[in-house]
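Engineer: What follows is a protein structure lacking sequence information:
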């Protein structure tokens, strides 16, 4: 439940402060948060009513979420600078000019990365750059994004790893609780 509320809150905070402009990203994060919140509610209802079927589905879905979250967290922690550069290059290539210009204005930078393999694309991006730093010497957007991405990946990986282990604890507790008898049940009803 905490992870779901946290995702919804962070998405709303990011949209409110204008950190994320894409409604698709905000919608996706809120949808995942609502999904996790609904799964938590299913687990709570199953625990309160000693409903074994609901607890079983809660365990299975929570375990699948654990596997996915654990994998993504480990990937975030294991991603090195070369992989980040490859990801940024492929993403920068599919962005439209309006989005690139918005990033360059917001980050006050020009172009992605000034490397030998992307020199022509970099020079074209610098020529079309609307950032205020263009008169002086601009830093590349790639360096700024890589600096922030390295920090963000470490934080996201650590937080995701922490919450993934709390989810496996929830699965273990649901297994233990599912096998307990309902104290309100009539013990002679099965005889």
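Structural biologist: Noted; the coordinates are in hand. Note that the structure is predicted; figures quoted are calculated from it, not measured.

Engineer: Tell me how far stretch 106-118 lies from the chain's centre.
Structural biologist: Relative to the chain's own centre, stretch 106-118 is displaced by 25 Å; criterion: C-alpha atoms, centre = their mean, to the nearest Å.

Engineer: Compute the distance between the closest residue to residue 121 other than its chain neighbours and residue 99, please.
Structural biologist: Excluding the flanking residues, the one nearest residue 121 by C-beta to C-beta, 6 or more residues apart in numbering is residue 112, at 7.5 Å. From N, CA and C alone the C-beta is placed, and that goes for glycine too. Residue 112 is 12 Å from residue 99, where distance means C-beta to C-beta, to the nearest Å.

Engineer: pLDDT score for the residue nearest to residue 121?
Structural biologist: At residue 112, the pLDDT value in this model is 80.

Engineer: same question, the one 3 residues further on
Structural biologist: Residue 115 carries a pLDDT value of 73.

Engineer: which SS state does it fall under?
Structural biologist: Here residue 115 is coil, with the state taken from DSSP: H, G, I helix; E, B strand; the rest coil.

Engineer: let's number from 314 now, not from 1
Structural biologist: Sure, I'll start numbering at 314, so the last one becomes residue 428.

Engineer: What is the neighbour count of it?
Structural biologist: Under the neighbour criterion other C-beta atoms under 10 Å, residue 428 is assigned a count of 13.

Engineer: Ok, the one 5 residues further on next?
Structural biologist: For residue 433, the count of nearby residues is 8 (other C-beta under 10 Å).

Engineer: Pull up the gap between it and residue 475, please.
Structural biologist: Per C-beta to C-beta, residue 433 is found 44 Å from residue 475.

Engineer: for this structure, what spans make up the helices?
Structural biologist: Counting by DSSP state H, residue ranges of the helices within the chain are 315-329, 336-361, 365-391, 394-407, 410-420, 432-440, 454-491.

Engineer: So which bits of stretch 344-358 are buried?
Structural biologist: 345, 346, 349, 350, 352, 353, 355, 356 (16 or more other C-beta atoms under 10 Å).

Engineer: tell me which of those is nearest to residue 397?
Structural biologist: Of all the buried residues of stretch 344-358, residue 397 sits closest to residue 345, with 22.9 Å by C-beta to C-beta.

Engineer: Look up how far residue 370 lies from the closest one.
Structural biologist: Counting by C-beta to C-beta, the gap from residue 345 to residue 370 is 18 Å.
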